Structures are given as structure tokens and as C-alpha cells.
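Undergrad: Here you go, sequence then predicted model.
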Amino acid sequence: MSKHRTENFKRKDRKLEILAAAAALQRGEVIVYPTETLYGLGADALNVAAVEKVLQLKGRDPNNPIPVLVADRTMLDSLVAEVPALAEKLIARFWPGPLTIVFAARKDIPRPLLNRAGGIGVRISNQPIAVQLVKSLGRPITATSANPSGKPPARTVDEAKKYFAARIESYINGGELASRTGSTVVEIIANRIRIIREGEITREQLQWISEDGAVIR
């Protein structure tokens with residue numbers, strides 16, 4: 001078989017794999033998929049029962065909110081009450097990419113996605129498989145790392161399978177992922193950037209965006 005035909009078959013198989021995973025998400029199932037940082041547990045973020053399954057798989061405190069991926073600005077606006085001007089600068093510089101921004105959420109957002117102050121962590125991924133999944137579902141998907149709480153995050157599908165085995169039916173293999181820290185998580189407080197967790201985007205990179213160069217913790 002020619003190299004061209006082989007590549008066509010691979011692309012077709014990947015497309016079918018993503019469609020099958022999107023169908024699983026529509027049924028309220030949880031999948032494992034690659035993000036731009038680590039493997040994630042994906043579920044329809046607006047399906048409360050599906051999000052509860054993610055919490056059960058992680059063994060996670062329900063007071064520890066789950067971040068989500070969106071496809072575009074329209075999907076972001078459906079989740080958040082407002083986008084501060086400084087957040088707009090962060091979006092312009094770092095999205096799509098490994099920066100999760102915590103926004104004030106709309107009132108109808110499922111509780112497991114929210115922090116104590118009613119904020120929701122959101123980002124747009126630059127990982128092609130993750131992007132296609134969100135677009136295929138047409139709704140935000142959860143993006144918490146694919147590991148039980150307290151265990152190292154999965155950087156390969158095999159590592160995720162060791163954690164969850166048959167409890168998850170759909171695993172999408174995106175190869176070995178290089179991130180060691182996950183996404184950086186920030187919020188805007190009094191027109192300043194507050195780092196909740198420093199990850200792939202560094203404090204120094206964020207300082208370039210802040211008008212006064214101040215980044216708080």
C-alpha cells in the first residue's frame with residue numbers, strides 16, 4: 001500500500017474514532033483524550049450526571065472545581081457572565097493554548113464546575129483532537145487530568161488505562177504528552193493577574209501582559 005493511501009486510512013480511522021468518542025460524550029459517558037498538556041477525563045460539561053461520573057472516577061472533592069474546554073468565543077460567552085479587559089489580553093496572547101482562566105460564571109452553570117466564589121475555569125485547546133471533540137459535541141467538555149486524585153497525571157493512554165481500565169470504554173491515543181505541569185490557571189482580581197497554579201505558561205510570560213507588570217499569588 002502506498003504511503004499516501006496509508007495516511008488516508010489513518011486520517012479516516014482517526015475521524016471515526018473522534019466521532020465515536022463524541023457520540024459517547026453525547027450519551028453521558030466519560031472518555032480519555034489528549035489535551036495540549038496532559039490526558040484528560042472528558043465529559044459533557046453541561047450534563048450534571050456525566051460530570052458526577054468524572055468526580056467519581058477521580059475520587060475528587062466536589063468542592064474542587066473541574067475546568068472545561070470550549071471551542072470558540074461564542075461557547076465561552078455561553079458560560080461566563082463577563083470577560084474583563086485584562087482577560088481579553090490574555091486570550092489574545094495565549095489562546096488557544098495551556099492557559100486556564102477563571103471567570104465569573106453564569107447562574108445556570110452546573111455546580112461541580114464552579115469554585116466557591118462562583119467562578120469557572122475555561123480554556124481553548126490547541127491540541128487538534130481536543131479541538132475536534134469539542135466542536136463535534138457542540139458543548140464544553142471537562143478537562144481535568146486523567147488520574148485519580150493524588151496520583152501522577154497520565155501522559156500516555158497506557159498510564160490512563162492502568163488507572164481506569166474498563167471503567168472507561170473510549171480512550172483516544174494522542175501519543176506521549178510532554179507536559180510536566182499542566183495548564184497554568186489564573187484569575188483577574190482588581191485588574192491584576194492572580195496565579196492559582198503555575199504551569200506551562202510562566203509567571204514571567206504573564207507579567208508582560210499585566211499593565212503594571214504585577215502578578216499576584
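TA: That came through fine. Predicted, not measured: the structure shown is a model, and the values here were computed from it. Numbering: from 1, shown residues only.

Undergrad: ok, Ile188 touching Glu88?
TA: No: using Cβ atoms under 8 Å, Ile188 and Glu88 do not qualify as a contacting pair, with a distance of 10.0 Å. All C-beta atoms are positioned from the backbone trio N, CA, C, and that covers glycine.

Undergrad: which one of those two has more residues nearby?
TA: For Ile188 versus Glu88, the count of surrounding residues by other Cβ atoms under 10 Å is larger for Ile188: 21 against 11.

Undergrad: give the contact list for the more buried one.
TA: Pro84, Leu86, Ala87, Ile101, Arg194 (Cβ atoms under 8 Å, 6 or more residues apart in numbering).

Undergrad: helix, strand or coil for the fourth one?
TA: Counting by DSSP: H, G, I helix; E, B strand; the rest coil, the backbone at Ile101 sits in strand.

Undergrad: and the residue most central in space within the chain, how far is that from Ser170?
TA: Among the residues of the chain, the smallest C-alpha distance to the mean C-alpha position (Cα atoms, centre = their mean) belongs to Ala143, namely 3.0 Å. Computed as Cβ to Cβ, to the nearest Å, the Ala143 to Ser170 distance reads 16 Å.

Undergrad: quick one on the thing from earlier: read off the pLDDT value for the residue nearest to the centre of the chain.
TA: At Ala143 the predicted local distance difference test score is 97.

Undergrad: I figured it hits Leu38, correct?
TA: No: with contacts defined as Cβ under 8 Å, Ala143 does not count as touching Leu38, sitting 9.3 Å away.

Undergrad: mind listing what Gly97 touches?
TA: Contacts of Gly97 were listed using Cβ under 8 Å, 6+ apart, and they are Glu36, Arg123, Ile124, Ser125, Asn126, Glu200, Ile201.

Undergrad: And the pLDDT at the second one?
TA: Model confidence at Arg123, expressed as pLDDT, equals 98.

Undergrad: what helix or strand is Asp158 on?
TA: Asp158 is part of helix 157-164, with elements assigned from DSSP states H and E.

Undergrad: Distance from the chain centre to the next helix or strand after that helix, please.
TA: The helix or strand immediately downstream of helix 157-164 is strand 170-171, counting by DSSP H and E. Between the centre of strand 170-171 and the centre of its host chain there is 16 Å, according to Cα atoms, centre = their mean, to the nearest Å.
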